[in-house]
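K.L.:
Provided below for reference: sequence and predicted model.
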Amino acid sequence: MKKLLIVIVIAIAIAAGIYFFKGGKVGGLSLSGGSLPSENAVLEYVPADTVFFAGSVEPLDFAKTLEMSSKMGFDYSAMMGAGFDDLKSELGNAPDAAKVLVSIYGDYLKAVKNKSVKELGLRSELNMAVYTVGVLPVIRLELDGTDAFSKAIAKIEADQGVTATVNTVNGVEYREYSLDDGTEEVPMSLVIATHDNQAIVTVNTELDDAKDLQRTLSEKPTTNILDGGVLNELASDNGYLGYSIFLLDNLAIVDGITKPSANAFGKSLQEVLDAYGAGNDMKDIQTPACNTELTGLTQNWPMLSAGYTEFDDSNASYKMVLKGNNADLLETLGKLRGHISDNVSNDDFAMSFGIGLDMDQMVPVITTVWESLTKEDFSCPPLAEMQAGLRQSNPMMLGMMSGMVAGIKGVGFSVVDVNEDALSNVERNPMAFMQDGQFMVTVTAEKPQNLLQSLGMYAPELAQMKLEDGGEPQVLPAGVGAETKIALRGHDLVLMMGQTDELIGKVESNGSLEKNGLMTFSMDFKKYMGLLEEMMDSAAENAHGSEKEMLEEQKEVFSELKKADGIVKGKFDITDEGIVTSSSYQAK
C-alpha cells in the first residue's frame, strides 16, 4: 500500500504541475474572464456527475503562460525540479509504475525549462483534465496529432528497463504497469493509453474491463461536464476565469457512500469494494437514517471549488470557496468575524499575520452550533456517538475563561524588518537578531485600556502603566533580549520590539472596529525568501552530514524563490458565499 501511495503522490504532482499552466485565450500577456466555451475535446469525456474535477475549459499557450510567470519573477523549472534528483535516485526497487511516472515528470520538467511540450507530444495550448468516472481516477491530455507521446513512453520504458503489458479494450490499446515492488502485492495497476488524439492515465482494477477501463479510456458520457453546466455556474458565481477550475462535490460523495444506488459515484464505489471483497465494510453507514442525516449535514457545505480570478504578467489571484447553503448557519458563524487592524499589515513589511476574532461572540456562537447539533437525536451510529460526546460538555463553561479576553476583536504579528547581517549570525548571537530587527504585536480591542488592566492581574507593573492614546510609547519593565515598548493607538495596543524608534512612525491610530475578516497573511516575497535563505545558510554552518546537505538544498530553493519580487497576500473569511479563502501575488 505504501508503494501505491507513492505512485499516487507522483501522479498528483504531475497533474498539479500541468494544471497550473492552463487558461483562457491570451491577449498579449494577460487573461480575461467571460462566458465559457461550449466545446472542448477533453471535456467531452468528463461526466457531468463527476465528483472531482481539476482542469481547463479554455486552453492557454504553454510558452506564453511560462512567459507571464517569468515576468512575475518565478522560475518554475528550478522550483518544480527541487528534490527531483533525490527522487530519481530512490527508484532502484520501485514499482514499474513509479519509474514511468517519475520519468514522465522528468520529461515535463525539461519541457518547462525549454518552454515547449513538443517532445512530449502535447498540444502547445495545454488542454488537460483530472477527474473521476464514478470512483475511478483519470488524467486526460490532448495531444498534438503526432506520435511523439508514444515515442516518449517507449523511450522511458527502454531507459528504465520497464516492460509494459499491452492489451486492448473496446478497440483501444493500453499499456499496463505493475504497482508491485516484489515485497507486497498491489491489486491494481497503472494504465497509460492514447485514444482520439488524447493521452489517458488511469488504473486497472479487479473489475471487469467493461466496468473500468472501457469507461475511462474510450466511453463518452451521455452528458459531459460542459453540457451539465456546473463549470459555467461556478465561474459565474465565483468569478473564476475559464481555466484551472477545481471542484469537489461533497454532497454527491456523501450521498453515494451512504446510499450506493443514489448516483454513479456510489454505484462505482460499491462495485470496486465488492470486487476486492470489501462490499460490507460500509454497511453500518449505508442505512436510510445515515443517508438522510449525513446528507442533511453535508447540504450545509455541498461543494468545494477553486479557480483563478485574475492572471496576467504582474498579478495572479486565486480563490477557494466552500459553498454555504445554510443562511442561518452562515450568519451565526459570521458573528465570529473580528477586526484586523491596518497596523498589522503593510506592503513594506517582510511578513505579517492577523487573526480577526470577536471574542465576545465566541461563546454565543459555539453555544448556538452546539444546540443545533444536540437538539434532535441522531439515529446514524457515528453521528449518535458524536452527539453523545457533545452532550457531555457544555460550551457555557467557556464563559468562565473568556473574561480576560473580553472586548478583543483581533490580534496580529508583524515582522517589519530584519537585519540580514544579524540573521546570518543568529546561531552565534541570537539576541542581535531581536535587537537589530523590527517586530510588532498588535491587539485590537473595544477598550484596550481595560485589557491592560486585566493583564495587570498577572503582571502588576502593567496595571501601573498610564498609556495615552497617541502618546509616547512606554518601555516595558521586562524585555525579551531587545528593547520593548508599548503604545496605545485608538483601539490598538501595539507592542514593539527591536528598533522601536523606527517602528513608532509606522503605527497609525485605529478608530475602527468594523468586522473585516477572520485571518489575513501578507509577505514581501523577495525579502522574506531572502531571510529564509540567510537562516538556512546560518544553520548549515554548524550542521553536518545529511542535515547539512538538507539545509544547503533548502537554501538553494529559497535562493531561487527570492528572484520573485512581489507581495503575496492571503485571506480567510466567512461571507454570504460560504467559507472563502483567497490569495494573490502582485509583482513590484
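P.N.:
Okay, I see it. Numbers count the residues shown, from 1 in each chain.
K.L.:
next up, the contacts around the residue lying farthest from the centre of the chain.
P.N.:
Most distant residue from the mean C-alpha position of the chain: Gln464, 46.2 Å away (C-alpha atoms, centre = their mean). Counting by C-beta atoms under 8 Å, 6 or more residues apart in numbering, Gln464 touches Gly456. For glycine as for every other residue, the C-beta is placed from the backbone atoms N, C-alpha and C.
K.L.:
same question for Asp347.
P.N.:
Going by C-beta under 8 Å, 6+ apart, Asp347 touches 522, 524, 567.
K.L.:
which phi and psi does it have?
P.N.:
When read as degrees, to the nearest 10, the backbone of Asp347 gives phi -60, psi -20.
K.L.:
what helix or strand is the residue nearest to the spatial centre of the chain on?
P.N.:
In the chain, the centroid-proximal residue (C-alpha atoms, centre = their mean) is Met320; its distance is 8.6 Å. Counting by DSSP states H and E, the element that carries Met320 is strand 315-323.
K.L.:
and Ser546, by the same measure?
P.N.:
helix 545-561.
K.L.:
sort out which residues of the helix or strand just after that helix are buried, please.
P.N.:
Next along the chain after helix 545-561, taking DSSP H and E as the criterion, comes strand 566-574. Neighbour counts over strand 566-574 (16 or more other C-beta atoms under 10 Å) mark 566-569, 571-574 as buried.
K.L.:
from one end of stretch 445-460 to the other, what's the distance?
P.N.:
By C-alpha to C-alpha, to the nearest Å, the extent of stretch 445-460 from end to end equals 20 Å.
K.L.:
need the contact partners of it.
P.N.:
Counting by C-beta under 8 Å, 6+ apart, residues outside stretch 445-460 touching it are 360, 403-404, 407-409, 443, 462-465, 467, 478, 488, 491-493, 513.
K.L.:
can you select the buried ones from those residues in ChimeraX?
P.N.:
Typed into ChimeraX, the line below selects the buried ones among the contacts of stretch 445-460, using 16+ other C-beta under 10 Å:
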select :360,407,408,409,443,462,465,467,488,491,492,493,513
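K.L.:
taking the contacts of stretch 445-460 one by one, which sit in strands?
P.N.:
408-409, 443, 488, 492-493 (DSSP state E).
K.L.:
pipe the residues you listed into CSV and attach pLDDT and distance to Gly134 per row.
P.N.:
CSV is the format used below for the ones in strands among the contacts of stretch 445-460 (pLDDT from 0 to 100; distance: C-beta to C-beta, whole Å):
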residue, pLDDT, distance to Gly134
Ile408, 94, 49
Lys409, 96, 48
Val443, 95, 52
Leu488, 94, 61
Asp492, 96, 54
Leu493, 94, 56
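K.L.:
for the residues you listed, which one is nearest Leu248?
P.N.:
Comparing these against Leu248 with C-beta to C-beta places Lys409 closest, at 32.9 Å.
K.L.:
buried residues in stretch 468-486?
P.N.:
Neighbour counts over stretch 468-486 (16+ other C-beta under 10 Å) mark 473, 476, 482-486 as buried.
K.L.:
would you turn the buried residues of strand 566-574 into JSON lines with distance to Asp61?
P.N.:
What follows is the buried residues of strand 566-574, written out as JSON lines (distance: C-beta to C-beta, whole Å):
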{"residue": "Gly566", "distance to Asp61": "23"}
{"residue": "Ile567", "distance to Asp61": "27"}
{"residue": "Val568", "distance to Asp61": "26"}
{"residue": "Lys569", "distance to Asp61": "28"}
{"residue": "Lys571", "distance to Asp61": "31"}
{"residue": "Phe572", "distance to Asp61": "33"}
{"residue": "Asp573", "distance to Asp61": "34"}
{"residue": "Ile574", "distance to Asp61": "38"}
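K.L.:
in those, find the pair that's most separated.
P.N.:
Gly566 and Ile574 (27.6 Å).
K.L.:
distance of the closest residue to His339 other than its chain neighbours relative to Ala129?
P.N.:
Excluding its sequence neighbours, the residue lying closest to His339 (C-beta to C-beta, 6 or more residues apart in numbering) is Lys409, at 4.2 Å. As judged by C-beta to C-beta, to the nearest Å, Lys409 and Ala129 stand 44 Å apart.
K.L.:
just for the stretch 401-550 of the chain, where's the confidence low?
P.N.:
401-403, 421-433, 477-481 (pLDDT under 70).
K.L.:
quick one: the strands in it?
P.N.:
According to DSSP state E, counting those that start in this stretch, the stretch 401-550 of the chain carries its strands in the segments 408-417, 438-445, 474-475, 484-489, 492-498, 519-524.
K.L.:
tabulate these (CSV), appending distance to Leu60.
P.N.:
Formatted as CSV, the strands of the stretch 401-550 of the chain follow (distance: least, C-beta to C-beta, whole Å):
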stretch, distance to Leu60
strand 408-417, 36
strand 438-445, 41
strand 474-475, 56
strand 484-489, 46
strand 492-498, 44
strand 519-524, 27
